[in-house]
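Q: Model the following, please.
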Amino acid sequence: MGDHFERDAPGMHTSDTIDYGVVVRGEMTLELDDGAKVHLRQGDCIVQNGTRHRWRNPLSEPCLMAFISIGGQRS
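A: As a prediction, this is how the structure comes out:
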């Protein structure tokens, strides 16, 4: 996974997967490459379809998320 991260934009990355994620505990912010931010709280779900993004924890306490990733190929 580390080879998918970008030096000029720390944490920003893409993957050739469809990712289903849920916040199990805490809060998380999803940042997209167009500057959009989605704040997620416990119980919130997100679907990432190979978009360029990064994750940030806005709190001082840990966040626990669970993901299922389904492999894909870019056309």
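
Q: how about the strands in the protein?
A: Taking DSSP state E as the test, the strands found in the chain are 5-6, 9-13, 17-25, 27-32, 37-41, 45-49, 53-56, 64-71.

Q: Redo the ones you listed as CSV? Include mean pLDDT.
A: Putting those into CSV (pLDDT from 0 to 100) gives the following:
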stretch, mean pLDDT
strand 5-6, 58
strand 9-13, 81
strand 17-25, 96
strand 27-32, 97
strand 37-41, 98
strand 45-49, 94
strand 53-56, 94
strand 64-71, 96
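
Q: how far out from the middle of the chain is stretch 68-75?
A: Computed by C-alpha atoms, centre = their mean, to the nearest Å, the chain-centroid distance of stretch 68-75 equals 15 Å.

Q: what's the straight distance from one end of it to the other?
A: One end of stretch 68-75 sits 22 Å from the other (C-alpha to C-alpha, to the nearest Å).

Q: Roughly how far does the residue nearest to G72 when sequence neighbours are not counted sit from G35?
A: With sequence-adjacent residues excluded and distances taken as C-beta to C-beta, 6 or more residues apart in numbering, G72 is closest to D16, at 5.4 Å. The C-beta positions use only the backbone N, C-alpha and C, and glycine is treated the same way. From D16 across to G35, the span is 23 Å (C-beta to C-beta, to the nearest Å).

Q: Looking at the two, which one has more neighbours?
A: D16 (11 against 6; other C-beta atoms under 10 Å).

Q: these two touch, right, R54 and T14?
A: No - at 10.3 Å, R54 and T14 do not qualify as touching, with contact defined as C-beta atoms under 8 Å.

Q: Please report the distance of the residue nearest to G72 from R74.
A: Relative to R74, and taking C-beta to C-beta, D16 is found at 6 Å.
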